[in-house]
Structures are given as C-alpha cells and as structure tokens.
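K.L.:
Build me a model from this:
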Amino acid sequence: MAFMLWYAGIKRCHVSTAAAFSGMMPFTALLLSVLVLKESAGWEQWCGGILVILGMFLIGWHQAAINPLPQQHSSEHGIN
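P.N.:
Predicted structure coming up:
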C-alpha cells in the first residue's frame, strides 16, 4: 500500500522533487528507526545522513543558480 501511494505521489510531481524525496528516503528511514523503533545508530549512519542532506541542499542550490525564479516587477501588479 505504501509503495502504491509513493508512486502515485511521485507521478504527480516534478522530476527534481521526486529525486529529492527519493534521496531522502534512507535518512528518513534512519531517523524513524531511531525515533519510533528505538534502534541505535552509529556515527557512520549519522554522518551518512548528514551527507545526504548536504547533497540535497547542494542540488537545490545548484538548481536555483541555474534556473533562478523570474523577478516580478511592481509595475506588473499595478504598484508604482
């Protein structure tokens, strides 16, 4: 059931958003296993999670540098 919902959601979003969520799955699994199942995680797992988050941040930052949002001018909205 979870995979059916996952793929239904991924099908409806942009490819970069889907990649970001796919990349976060291992870290989310680590975090939930520690919080919900009271599993223990070593420093290697936490460092890996930090690297995943850093990678997602760098991808988003790089994409924003390549494709900046268009600037809205105040005259377009009737504000002078």
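
K.L.:
Let me see the mean pLDDT of the helix or strand hosting residue 34.
P.N.:
Element membership for residue 34 (DSSP states H and E) is helix 15-35. For helix 15-35, mean pLDDT rounds to 84.

K.L.:
got the angle between the longest helix that the chain contains and helix 15-35?
P.N.:
In the chain, assigned by DSSP state H, the helix with the most residues is helix 43-66. Calculated by axes from the mean of the first three to the mean of the last three Cα atoms, to 10 degrees, helix 43-66 forms an angle of 160 degrees with helix 15-35.

K.L.:
in helix 43-66, what's buried?
P.N.:
Within helix 43-66, the residues that count as buried by 16 or more other Cβ atoms under 10 Å are 45, 49, 52, 56. Quick note: C-beta positions are derived from backbone N, CA and C, even for glycine.

K.L.:
helices and strands around that helix, which ones?
P.N.:
Applying 3 or more Cβ pairs under 8 Å, 6 or more residues apart in numbering; DSSP states H and E, one finds that helix 43-66 contacts helix 15-35.

K.L.:
quick one: the residue nearest the centre of the chain from residue 60, how far?
P.N.:
Closest to where the C-alpha atoms of the chain average out (Cα atoms, centre = their mean) is residue 20, at 3.8 Å. Distance, residue 20 to residue 60, using Cβ to Cβ, to the nearest Å: 7 Å.

K.L.:
Out of the buried residues of helix 43-66, the closest to residue 16 would be?
P.N.:
The closest of the buried residues of helix 43-66 to residue 16 turns out to be residue 56 (Cβ to Cβ; 10.5 Å).

K.L.:
ok, the closest one - contacts?
P.N.:
By Cβ atoms under 8 Å, 6 or more residues apart in numbering, the contact set of residue 56 is 20, 23, 24.

K.L.:
and which of the residues you listed is nearest to residue 65?
P.N.:
Once Cβ to Cβ is applied, the member of the contacts of residue 56 that ends up nearest residue 65 is residue 20, at 16.1 Å.
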